[in-house]
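**Q** when you get a sec, could you give me coordinates for this:
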Amino acid sequence: GQSEIVMMNGYFPQRISTHAVENTLVDQVVSDAIAYTYQLEGHEIYVISFPTLDLTWAYDLATGLWHKWLWTDTQNNYHRHRSNCQAFFQNINLVGDWQNGQIYQLDSQNFTDNGAAIRRLRRCPHLTTDLQRQYFDELQLQFQPGVGLEGITTPPLNQETIGANPQAMLRWSSDGGSTWSNEHWSAIGMVGKYRNRIIWRRLGWARDRIYEVVVTDPINAVIVSANLKASAGEN
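**A** Now for the predicted structure:
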């Protein structure tokens, strides 16, 4: 059969991989897969990497949800996560780098990959109503506000503090993901600005729309909710 990821429930294997996960593994080399688990803040995570595919999936046993856990190079290209193994030592989750042998700590309060930017990407499902026109008036995202940073600068010193005014980037596809719009940036909220909202307006129309949001600032980027105002056309 095709590649599936299962978890033992007593003596019986229970399928936990979704169709989305399995579609990335169909007819691919998966024999070199490497897996480990770690526990952080009450979440037990199963991490499985596929070196040939250059892909890492992570499964949260607490929520039953999957996410891709990837590392970004300087060209914003995604690759498998750098961790290859894990050990819990002196109340610290330690992971080893598959490429250079370095050891890192998994720290929920550190928002970089060993100093490099983390490119967090979230896409919504296809928005379609029997392929009729949809007019999109407004998209509002509620991030955890007031998370801008202080005291982190890059040379020269007159440049803006990294993460002081964190931004979210929105783009969309009106043809089901084949092509994408330009990037549209908006501020998440500087430190202490707890009433900040992000609203994008006049988003045009489409028959099959997908929205994508990216955050790269070294902050605690948490999407609390999303609200879309749209109306259906006649054809």
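**Q** quick one, helices of this protein?
**A** With DSSP state H as the criterion, the chain has helices at 19-23.
**Q** low-scoring stretches of it, by residue?
**A** Counting by pLDDT under 70, the ranges of the chain that qualify are 1, 151-161.
**Q** give me that answer again for 50
**A** The model of the chain has pLDDT under 50 over residues 153, 157-159.
**Q** buried residues of stretch 106-123, list them for me.
**A** 106, 111, 113, 117-120 (16 or more other C-beta atoms under 10 Å). Any C-beta I mention is one placed from the backbone N, CA and C, and that applies to glycine too.
**Q** for stretch 168-184, that is, sorry about that
**A** Going by neighbour count (16+ other C-beta under 10 Å), the buried part of stretch 168-184 is 168, 170, 172-174.
**Q** show me those residues that map onto strands.
**A** Cross-referencing the buried residues of stretch 168-184 against strands under DSSP state E gives 168, 170, 172-173.
**Q** ok, Leu228 - contacts?
**A** Contacts for Leu228 (C-beta atoms under 8 Å, 6 or more residues apart in numbering) come out as 127, 136, 138-140, 211.
**Q** same thing but 10 Å
**A** When contacts are counted by C-beta atoms under 10 Å, 6 or more residues apart in numbering, Leu228 touches 124, 127, 134, 136-141, 200, 203, 209, 211.
**Q** same deal with Arg209?
**A** Per C-beta under 10 Å, 6+ apart, neighbours of Arg209: 124, 126-128, 134, 136, 172-177, 203, 228, 230.
**Q** ok, now Asp107?
**A** With C-beta under 10 Å, 6+ apart, Asp107 has these contacts: 40, 92-93.
**Q** please apply the same query to Leu25.
**A** Contacts for Leu25 (C-beta under 10 Å, 6+ apart) come out as 2-5, 17, 33, 48, 50, 53, 55, 57.
**Q** how does it look with 7 Å?
**A** Taking C-beta atoms under 7 Å, 6 or more residues apart in numbering, we find Leu25 in contact with Ser3.
**Q** can you give me the distance of it to His126?
**A** Separation of Leu25 from His126 (C-beta to C-beta, to the nearest Å): 22 Å.
**Q** next one: Asn76
**A** Applying C-beta to C-beta, the value for Asn76 to His126 is 24 Å.
**Q** cool, Met169 as well?
**A** From Met169 across to His126, the span is 20 Å (C-beta to C-beta).
**Q** again, but for Trp185
**A** To His126, Trp185 is 24 Å away according to C-beta to C-beta.
**Q** for Tyr135, list each beta-bridge partner.
**A** Trp205, Ser231 (DSSP bridges).
**Q** can you get me a residue count around it?
**A** Neighbour count for Tyr135, taken as other C-beta atoms under 10 Å: 14.
**Q** my guess is it contacts Ser231. True?
**A** Yes - between Tyr135 and Ser231 there is a contact under C-beta atoms under 7 Å: 5.0 Å.
**Q** could you find the closest non-adjacent residue to Leu55?
**A** Sequence neighbours aside, Arg80 is the residue nearest to Leu55 in space, at 5.6 Å (criterion: C-beta to C-beta, 6 or more residues apart in numbering).
**Q** again, but for Gly146
**A** Tyr194 (4.4 Å).
**Q** same question, Val47
**A** Once flanking residues are discounted, Val47 sits nearest to Ala58: 4.9 Å by C-beta to C-beta, 6+ apart.
**Q** show the contacting residues for that neighbour.
**A** 45-47, 66-67, 69.
**Q** ok, Trp66 next?
**A** 18, 21, 57-59.
**Q** what do you get for Val215?
**A** By C-beta under 7 Å, 6+ apart, the contact list for Val215 reads 120, 166, 168, 221.
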